[in-house]
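Asks: Sequence and predicted structure, then a few things I'm wondering about:
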Amino acid sequence: MSINLTRRIAALEAALSPAGKVVAFWAMTDQGDPMTEREEGREIATLKANGAPANARFIPVRWQSPCDPN
């Protein structure tokens, strides 16, 4: 493999890989509604307080967006 191709592959892998750990959390309320930004912020703060890495990237996971009708 040529050095140029190896360099390009390494650059692509670095661009597509997250720098820190990715932490996904369920961003739905007990009533089945999507969390608001404030609720998501509180959930992220709770995760950090309970040992999540400080440099983690937090990803909210939901089955509908806040603008979807119920």
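Replies: Perfect, thanks for sending it. Numbers count the residues shown, from 1 in each chain.

Asks: residue closest to the middle of this structure?
Replies: When the chain is reduced to its mean C-alpha position, the nearest residue by Cα atoms, centre = their mean turns out to be residue 59, at 2.2 Å.

Asks: Surely that residue forms part of a strand?
Replies: Yes - the assignment for residue 59 (DSSP: H, G, I helix; E, B strand; the rest coil) places it in a strand.

Asks: Number the chain from 52, please
Replies: From this message on, residue numbering opens at 52, which makes the last subject residue 110.

Asks: my guess is it meets residue 75, correct?
Replies: Yes - assessed by Cβ atoms under 8 Å, residue 110 is found in contact with residue 75 at 4.6 Å. Using the backbone N, CA and C atoms, a C-beta is placed for each residue, glycine as well.

Asks: Surely residue 106 is within a strand?
Replies: No - under three-state DSSP, residue 106 sits outside any strand and is assigned coil.

Asks: can you pull the contacts of the spatially closest residue to residue 79 that is not a sequence neighbour?
Replies: Excluding the flanking residues, the one nearest residue 79 by Cβ to Cβ, 6 or more residues apart in numbering is residue 113, at 5.3 Å. Residue 113 is in contact with 77, 78, 79, 85, 86, counting by Cβ atoms under 8 Å, 6 or more residues apart in numbering.
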